[in-house]
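Trainee: Sequence plus the predicted model coming up.
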Amino acid sequence: MDATTAITGFVALYIFMLAAFTGYEIIGRVPAILHTPLMSGSNFIHGIVVVGAMWALFNASSTLEQAIGFFGVLLGAGNAAGGYVVTERMLEMFKPSDKKKG
Amino acid sequence: MTAQFIIDAAFIVATLLFIYGLKRMSSPVTARSGIVVAGVGMVVAVLVAFLYIADVNPKAEPFLKTNIILGVVALAVGLGWAWWSGKKVEMTAMPQMVALYNGMGGGAAAAIAAIELFGHKAHGNIILVMAVLGGIIGAVSLSGSLIAWGKLDGRINGTWRFPGLQAVNGLILLTILGIGAWTVYQGGAVGPELIAAFFVLSLVYGVMMAMPIGGADMPVVISLFNAFTGLAVGFEGYVIGNPALMVAGMVVGSAGTLLTLLMAKAMNRSVSNVLFSNFGASGEEGQG
């Protein structure tokens, strides 16, 4: 576990900085029609928090921590699954009207 | 060690799929495949996360069996309920569902912060600062998104504000930051009642932030809370030493912030105008 937990403050800053630029560049020139689906899509992506909540729950060592961890995983799973379904349904509308792949 | 290696390798793949998926989603032609790519990444990450069982903290060993059962139940209920509610909801009700799911993500990030702070597991100044900030942002996003959901869904009617609201909000925020700073100063060794007050006040702040905003402006606000949740997830990712959460959270944090600005611009408004003026609430006649 030490290999992953030992991210120093400066390495974290580098990661955050590069990730922030990545997010900015990806969204940069998006047409207005995609604003809402993209909001939903990025909402799905931060559903990865469920993985962190699972880690926290597996390492819980008191009843209080178990209770909080249970709700954490529950909420995170809802974020991931709900975000996926809603985004997929929104993007269904972008299907080309003729069935041929274009 | 091998379990950790598989986890790390799988998370790199998941992170790559998230970024590539988001990239595909930003063009109308490839958007539909983008969500599938990101979805594959999520499935990989969640399945591999079960390998965490192989290497838990020694204090948690006696609890592990219960924890695994709790985890599986929570996953099944959360996935099942969200899948079902997302499928059956009307197409016109989509924005409030995004708000609801986004609030859940914020709540999950706040829950990670709560476990670290209540359990006195977070050590070191930078980790504590990140845990506290992620906790505030996550809790604000949870309650704020729930208000946004309630307003768009017609469960909360009208706006609720009084003179001096901004001053009261400022005071609440200062108190939250004060408790957070004290927690960091004490190296995390503060009583549970103080930490509980910290989270309750953060939740209250989220409600106070979203309540005065009218329904027409809600999409911008939901996008803002979406960026908030991303930031909270990124910060908590650092606290628990998970780079996948850090990258995915921060990508959403910055993409969401930019998206919020773009959406506000498309409405010919600035974000501060949306947040701090009462324009959207009272409609056109309020301006005249």
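Mentor: Arrived safely.
Trainee: Would you mind listing where the chain has pLDDT under the threshold?
Mentor: With no chain named, the answer covers chain A. A:1-6, A:96-102 (pLDDT under 70).
Trainee: not what I meant, chain B
Mentor: Chain B contains residues with pLDDT under 70 at B:1, B:277-288.
Trainee: For B:Gly178, what is the enclosing helix or strand?
Mentor: Here B:Gly178 sits within helix B:165-185, counting by DSSP states H and E.
Trainee: Following element in sequence after that helix, please.
Mentor: Note on helix B:165-185: by DSSP H and E, the next helix or strand toward the C-terminus is helix B:192-210.
Trainee: Not counting that following helix itself, show me its contacts.
Mentor: B:110, B:114, B:117-118, B:132, B:135-136, B:139-145, B:147-148, B:151, B:165, B:168-169, B:172-173, B:175-176, B:179-180, B:182-183, B:221, B:225, B:275 (Cβ atoms under 8 Å, 6 or more residues apart in numbering or on different chains). No exception for glycine: its C-beta is placed from N, CA and C like everyone else's.
Trainee: so what's B:Lys87 up against?
Mentor: Contacts for B:Lys87 (Cβ under 8 Å, 6+ apart) come out as A:85, A:89.
Trainee: Give me the angle between the helix ranked longest in chain A and helix B:192-210.
Mentor: Counting by DSSP state H, the longest helix found in chain A is helix A:63-92. Helix A:63-92 and helix B:192-210 are oriented at 20 degrees to each other (axes from the mean of the first three to the mean of the last three Cα atoms, to 10 degrees).
Trainee: Of all the residues in helix A:63-92, which ones are buried?
Mentor: For helix A:63-92, burial by neighbour count (16 or more other Cβ atoms under 10 Å in any protein chain shown) applies to A:65-91.
Trainee: Report whether whatever helix or strand A:Met17 lives in contacts chain B.
Mentor: According to DSSP H and E, A:Met17 maps onto helix A:9-27. Yes. Helix A:9-27 reaches chain B (Cβ under 8 Å from any Cβ of the partner chain) through A:9, A:12, A:15-16, A:19-24, A:26-27.
Trainee: ditto for stretch A:37-53
Mentor: Yes. Contact between stretch A:37-53 and chain B, assessed by Cβ under 8 Å from any Cβ, occurs at A:37-53.
Trainee: Once you drop chain neighbours, what's closest to B:Asp153?
Mentor: Counting by Cβ to Cβ, 6 or more residues apart in numbering or on different chains, B:Gln96 is the residue found nearest to B:Asp153 once chain neighbours are left out, at 4.7 Å.
Trainee: now the one you found: how far from chain A?
Mentor: Distance check for B:Gln96 against chain A: by Cβ to the nearest Cβ, to the nearest Å, it reads 10 Å.
Trainee: what's the spacing between that residue and B:Gly138?
Mentor: 20 Å (Cβ to Cβ, to the nearest Å).
Trainee: next one: B:Pro212
Mentor: Going from B:Pro212 to B:Gly138 by Cβ to Cβ gives 22 Å.
Trainee: So between the two, which is more surrounded?
Mentor: Each of B:Pro212 and B:Gly138 has its neighbours counted (other Cβ atoms under 10 Å in any protein chain shown); B:Gly138 has more, 32 against 19.
Trainee: tally of neighbours for B:Gly105?
Mentor: Residues near B:Gly105, counting by other Cβ under 10 Å, number 38.
Trainee: Which SSE is immediately downstream of the helix or strand encompassing it?
Mentor: Taking DSSP H and E as the criterion, B:Gly105 maps to helix B:94-118. Per DSSP H and E, the first helix or strand lying C-terminal to helix B:94-118 is helix B:125-152.
Trainee: ok, residues contacting the helix holding B:Gly178?
Mentor: Counting by Cβ under 8 Å, 6+ apart, B:117, B:125, B:128-129, B:132-133, B:135-136, B:190, B:194-195, B:197-198, B:201-202, B:204-205, B:208-209, B:212, B:276 sit against helix B:165-185.
Trainee: Out of those residues, which end up buried?
Mentor: For these, a neighbour count by 16+ other Cβ under 10 Å gives the buried set as B:117, B:128-129, B:132-133, B:135-136, B:190, B:195, B:198, B:201-202, B:204-205, B:208-209, B:212.
Trainee: how near is A:Gly28 to B:Met267?
Mentor: Distance, A:Gly28 to B:Met267, using Cβ to Cβ: 20 Å.
Trainee: Between the two, point out the one with more neighbours.
Mentor: B:Met267 (14 against 11).
Trainee: and the nearest residue to A:Ala77 once chain neighbours are set aside, what element?
Mentor: Nearest residue to A:Ala77 in three dimensions, chain neighbours excluded: B:Gly78, at 2.8 Å (Cβ to Cβ, 6+ apart). Secondary structure assignment for B:Gly78, by DSSP H and E: helix B:64-88.
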